[in-house]
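>>> Here you go, sequence then predicted model.
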Amino acid sequence: MAKVALITGVTGQDGAYLAELLLKKGYVVHGIKRRASLFNTDRIDHLYQDPHIENRDFILHYGDLTDSTNLIRIIQQVQPDEIYNLAAMSHVAVSFETPEYTANADGLGTLRILEAMRILGMEKKTKFYQASTSELYGLVQEVPQSEKTPFYPRSPYAVAKLYAYWITVNYREAFGMYACNGILFNHESPIRGETFVTRKITRAIARISLGLQNCLYLGNLSALRDWGHARDYVEMQWLMLQQEEPEDFVIATGKQYSVRQMVEEAAKGVGIGMRWEGEGVDEVGIVASISIDSHGTKTEGGSAGHPQVGQVIVKVDPRYFRPTEVETLLGDPSKAKQKLGWVPKTTFQELVAEMVHSDLEEARRDELCKHHGFSTYNYHE
Ligand code: NDP
Ligand code: GDR
């Protein structure tokens with residue numbers, strides 16, 4: 001019998017990679033998607049199966065983490081062996097704008113699933129994975145951060161996730177459930193949401209290199225993060241549910257880069273060298289050299305193409321500062337290495353190169369549309 005998995009947040013970055021992985025492993029995968037006024041399934045369209053065919057192994061259900069009745073009904077119907085709770089309002093800055101909703105979806109949403117499992121008598125049958133986060137460390141108390149490092153959340157998002165973390169631990173201890181937290185550090189990919197800083201950078205740099213955009217506006221350039229690849233990280237989510245005993249694990253690369261370094265690495269990917277001038281909100285990123293233009297043609301000294309040497313392509317905009325910032329995060333993945341055999345496969349440089357490559361393709365499509373008189377949109381969020 002094929003194993004059955006239920007993924008909340010299946011339309012998100014991790015949901016898409018995890019669904020792909022589980023299907024390859026022979027699972028029947030059920031996903032919960034939200035009703036939206038437009039299709040919001042871009043990331044999983046390649047997995048879609050027509051509901052009219054029999055014996056599908058990828059099935060979507062409408063649902064929402066804020067609706068207990070819906071969760072109970074879906075879990076009862078699906079009878080999953082494993083539940084991966086990836087759904088969340090996952091943007092830290094936006095959580096300051098929508099704190100109550102964030103608490104409801106990210107905090108109480110987790111409780112609703114755990115309670116649904118109890119109500120249905122599935123606490124011994126079904127394993128549960130909670131998408132916990134390095135944001136729990138917030139104002140860091142120890143470097144690097146491990147499973148034993150104390151938490152100090154710094155946003156409504158992180159506080160909601162703190163509740164979700166502890167309710168998962170509590171239900172494991174109180175009811176003997178196989179429930180565990182993956183404390184995942186930042187992980188990115190070409191399908192990362194466009195408003196997270198890595199994707200915002202790779203998209204903008206690709207567009208700037210084609211002359212589709214002049215400038216990239218960012219907030220805190222000095223923030224340090226431990227960035228890995230989402231494709232590698234979802235494998236660990238699955239492995240955490242394949243152990244003898246449920247435990248919590250940190251998943252990280254153990255390497256740290258700044259937002260500024262992220263910009264430099266992306267710029268390098270399109271053949272642009274960068275220098276920085278000024279300080280704080282006056283800091284700007286300037287094109288220092290261009291070795292290859294965006295079409296891959298050598299243009300020594302940057303005399304042709306977009307952008308020009310000396311052009312300011314990065315500016316700081318305080319609107320992207322957060323009321324309370326998480327300045328630095330660096331994970332210690334020793335436990336995952338030892339017990340799960342975790343080795344991050346993708347380096348920071350490979351990750352950025354893959355993202356830039358994919359965003360260049362997207363930008364070229366936009367360029368072509370523009371060339372043929374069709375309008376394209378670029379939101380600055
Ligand atoms: P995304 O923002 O890409 O995806 C979030 C998913 O949750 C989307 O499918 C979204 O649906 C869904 N969702 C949001 N609110 C609800 C709701 N109320 N009910 C049902 N579904 C909802 O996040 P990621 O894939 O990057 O992250 C997955 C999980 O891991 C999240 O919980 C995140 O907080 C956590 N995490 C992420 C890290 C990262 O670096 N990526 C690191 C550590 C933790 P829709 O498509 O309709 O918006
Ligand atoms: P984060 O990711 O808050 O770590 O949460 P994000 O990419 O949003 O920010 C990383 C750092 O970059 C700084 N920054 C900017 N961030 C954004 N989004 N936009 C900007 O213009 C900008 N300029 C600078 C931020 O201040 C921050 O310091 C992500 C999410 O996926 C969470 O769901 C997850 O839990 C954590 O990673 C681990």
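Yep, it's here. Numbers count the residues shown, from 1 in each chain. Ligands and ions are numbered 1, 2, ... in the order given.
>>> can you pull out the helices in the chain?
Assigned by DSSP state H, the helices in the chain fall at 13-24, 68-78, 92-95, 99-102, 109-119, 156-175, 197-209, 230-240, 259-269, 334-340, 348-371.
>>> Counting by contacts, list what the second one packs against.
The one in question is helix 68-78. Helix 68-78 sits against strand 4-8, strand 28-33, strand 58-62, helix 109-119, with contacts defined as 3 or more CB pairs under 8 Å, 6 or more residues apart in numbering; DSSP states H and E. Backbone N, C-alpha and C define where each C-beta goes, glycine included.
>>> Now do the first one, average pLDDT.
Meaning strand 4-8. Across strand 4-8, the average pLDDT comes to 99.
>>> partners of that strand, with directions?
Using DSSP bridges, the strands paired with strand 4-8 are strand 28-33 (parallel), strand 82-85 (parallel).
>>> Looking at the ones you listed, spot the one closest to ligand 2.
strand 82-85 (13.3 Å; CB to the nearest ligand atom).
>>> Name the residues that touch that closest one?
3-9, 18, 75, 109-110, 113, 117, 126-131, 164, 237, 241 (CB atoms under 8 Å, 6 or more residues apart in numbering).
>>> Only the buried members of those: can you turn that into a ChimeraX selection?
In ChimeraX, this line selects whichever of those come out buried by 16 or more other CB atoms under 10 Å:
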select :4,5,6,7,8,9,18,75,109,110,113,117,126,127,128,129,130,131,164,237,241
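>>> Domain map for this protein?
The chain is divided into the following domains under automatic domain parsing: 4-184, 197-224+258-326+348-371.
>>> measure the longest one end to end?
Criterion CA to CA, to the nearest Å; first-to-last residue distance in domain 4-184 is 24 Å.
>>> tell me which residues of stretch 276-288 are tucked away?
Within stretch 276-288, the residues scored as buried using 16+ other CB under 10 Å are 283, 285-287.
>>> any low-confidence regions in the stretch 151-300 of the chain?
Scanning the stretch 151-300 of the chain for pLDDT under 70 picks out 292-300.
>>> what does it have sitting close to ligand 2?
185-186, 195-197, 200, 218-220, 223, 225, 259 (CB under 6 Å from any ligand atom).
>>> Now with 5 Å, please.
Counting by CB under 5 Å from any ligand atom, the stretch 151-300 of the chain comes close to ligand 2 at 186, 196-197, 218-220, 223, 259.
>>> Also the stretch 1-150 of the chain?
Residues of the stretch 1-150 of the chain lying near ligand 2 by CB under 5 Å from any ligand atom: 90, 92, 133-135.
>>> Tell me which ones among those residues also neighbour ligand 1, please.
Applying CB under 5 Å from any ligand atom, the subset of those adjacent to ligand 1 comprises 90, 133.
>>> Buried by neighbour count, from the residues of the stretch 1-150 of the chain next to ligand 2: which ones?
Among those, those buried by neighbour count (16+ other CB under 10 Å) are 90, 92, 133-135.
>>> Looking at these, point me to the pair that's furthest apart.
90 and 134 (12.7 Å; CB to CB).
>>> re earlier: and residue 179, which of the helices and strands packed on helix 68-78 is closest to it?
For the helices and strands packed on helix 68-78, the distance to residue 179 is smallest for helix 109-119, at 7.0 Å, taking CB to CB.
>>> Name the nearest residue to residue 248, sequence neighbours excluded.
Distances taken as CB to CB, 6 or more residues apart in numbering put residue 181 closest to residue 248, at 4.2 Å, once the chain neighbours are dropped.
>>> out of the residues of the stretch 151-300 of the chain next to ligand 2, who's nearest residue 47?
residue 196 (22.5 Å).
>>> Any idea how many residues pack against the closest one?
For residue 196, the tally of surrounding residues (other CB atoms under 10 Å) stands at 16.
>>> Look up how far residue 318 lies from it.
Distance, residue 196 to residue 318, using CB to CB, to the nearest Å: 19 Å.
>>> State the distance from residue 186 to residue 285.
Going from residue 186 to residue 285 by CB to CB gives 21 Å.
>>> and if you look at residue 40?
Per CB to CB, residue 40 is found 33 Å from residue 285.
>>> Residue 57 too?
47 Å.
>>> swap in residue 360?
For residue 360 relative to residue 285 (CB to CB), the value is 19 Å.
>>> tell me the contacts of the residue nearest to residue 248?
Under the criterion of CB under 8 Å, 6+ apart, the neighbours of residue 181 are 130, 132, 165, 168-169, 248-249.
>>> so it bridges to which residues?
Note on residue 181: beta-bridge partners by DSSP bridges are residue 130.
>>> Return the subset of the buried ones among the residues of the stretch 1-150 of the chain next to ligand 2 lying in strands.
Among those, DSSP state E puts residue 133 in strands.
>>> export the buried ones among the residues of the stretch 1-150 of the chain next to ligand 2 to JSON lines and tack on pLDDT?
Formatted as JSON lines, those follow (pLDDT from 0 to 100):
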{"residue": "90", "pLDDT": "98"}
{"residue": "92", "pLDDT": "98"}
{"residue": "133", "pLDDT": "98"}
{"residue": "134", "pLDDT": "98"}
{"residue": "135", "pLDDT": "98"}
